[in-house]
Every structure is written in C-alpha cells, then in structure tokens.
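J.: can you look at this prediction? I've put the sequence above it.
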Amino acid sequence: MNPTFSQKLSKADNTKAKIIDTAITLFSEKGYENVSTKEIAKKSFVSEGTIFRYFNTKSQLLHDAIFPIASQILPTEIDRVTSEVLSNNNLNFTDFLTLFYNDRYQYVWEHFNALKVFFSRLLFNPQMKRDFLKMLSDKEVPTFIDVIEEYQRNHELTNLVNAEEIITGIITQFVFLIVKEKIIEDNTTISDNKRNDEISKIVRNINTLYGGTDDD
C-alpha cells in the first residue's frame, strides 16, 4: 500500500497533512464545490478553525493539496529522452509520447485522487489553468516544451496551438485514462497488455488533436 501524503511527513506537520489527505479524498469523491470546510474538519477530526489556521480559504487548501502533486507529473527522468530528440531527432513523436506515458503511468495511478481533482478543476477554472501553464513554463518542463516545439518545427505537431496547451492536452488525456480505469471500469490493477492498448489509444487521440498539418 502506498503511503499517503500525511504518512510522509513529520508529526509536527501531521495535522496539516491529514487535512490535505481528507480534502483530496472528499474533493475526489464529491467534487470541490460540493465539499465544505466543515465537512473536511469533521472527517479530519479537527475544528474548522484549525483548517483556517493552516489555509486562509478553501481555495488555498485546494491549491496546497494538489499543486505539489501536479507539479511532479512531468518527470526529470524524461530529460534523457528530450535531449535525444533535440540532439538528433531520431525519436518520432508517437514513440516519444508512448515512452512518456509509460514512464508516468505508475505516478498518476498512485496519485489518482489529487490529479483527478486537479484536472477536473483545470477544465473550468481559467486561473488554475494559467497557474499550471506558468508552472510548466517557469519551473518544471523547459526541455519538454523545447521538444514539443521541435516536433512542431518538424511538422509532426500543429503550429496552430502553443506548446504549453499541447502539453496540457497530453497530460489531461492521460489523467482521464486513469479515471476511466479506476472509476468507470473499477479496476484496482491493470495488466501490462491492457495498459499498452490504452496508451496506444490516447497516443492516437493526441495525434488526431495536435498532429501536424500545412498550417504555417
């Protein structure tokens, strides 16, 4: 069993982490708008005032609960592959994306609840989307963005959509694959063959959405 967020922290931080764990679970089960801080406090066995001691608003609680997890969805391990693409371009986009999805599959599976909340909110919250794109640009994935732009220059990806938007689409499609597996089909595990088949499907979807055209 994978440790929860609170189990990874010291006792001094455990109350805050327990609130975060509880909030992620409730937001995932009921939706952000349908969960009150009173309910989070009750399920966390703390007072509502304790929540506001750590988080000024419910919105800040949401941000602090899910952004640290979302920020790690693009791994540093992918740098080796992105360097290869940028240096000699031997890897086509389909193979690159397949490698990326396989690399991140376990991470997304383990952090499913937080990422489900994050990307469902991302679809309807322009400010959260701006924050996420800024995070991509400023901190997490300069080499990943470089690779997407390289594929755009090579006409494997469209130039009508910027690289950050394409990355958002790549990640969102992936998270909702896990949503389908864990919620709609109620799977607790997935075979390698099934995983590879599902990844192939979303790679095709991404190519359909963002594939290169004579658009420049």
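T.: Yep, it's here.
J.: do a quick rundown of the strands in this structure.
T.: Counting by DSSP state E, one finds no strands in the chain.
J.: just for it, where's the confidence low?
T.: Scanning the chain with the threshold set as pLDDT under 70 gives 1-12, 73-90, 123, 133, 135-142, 182-189, 213-216.
J.: these two touch, right, residue 164 and residue 149?
T.: No: in this structure, residue 164 is not within contact of residue 149 by Cβ atoms under 8 Å, at 10.2 Å. For every residue, glycine as well, the C-beta is placed using N, CA and C.
J.: neighbour count: these two, which is higher?
T.: Using other Cβ atoms under 10 Å, the more surrounded residue of residue 164 and residue 149 is residue 164, with 19 against 16.
J.: so how far is residue 33 from that one?
T.: When distance is defined by Cβ to Cβ, to the nearest Å, residue 164 is 27 Å away from residue 33.
J.: ditto for residue 207
T.: Residue 207 sits 34 Å away from residue 33, going by Cβ to Cβ.
J.: of the two, which one has the most company?
T.: Counted by other Cβ under 10 Å, residue 207 and residue 33 do not tie: residue 207 has more neighbours, with 15 against 10.
J.: in space, what's closest to the more buried one - neighbours in sequence excluded?
T.: With sequence-adjacent residues excluded and distances taken as Cβ to Cβ, 6 or more residues apart in numbering, residue 207 is closest to residue 94, at 6.5 Å.
J.: give the burial count for the one you found, as a bare number.
T.: Neighbours around residue 94, by other Cβ under 10 Å: 15.
J.: pretty sure it contacts residue 203?
T.: Yes: in this structure, residue 94 is within contact of residue 203 by Cβ under 8 Å, at 5.8 Å.
J.: list the contacts of the residue nearest to residue 118 when sequence neighbours are not counted.
T.: Leaving out its chain neighbours, the residue that sits closest to residue 118 by Cβ to Cβ, 6+ apart is residue 66, at 4.4 Å. Listed by Cβ atoms under 8 Å, 6 or more residues apart in numbering, the contact set of residue 66 reads 24, 114-115, 117-118.
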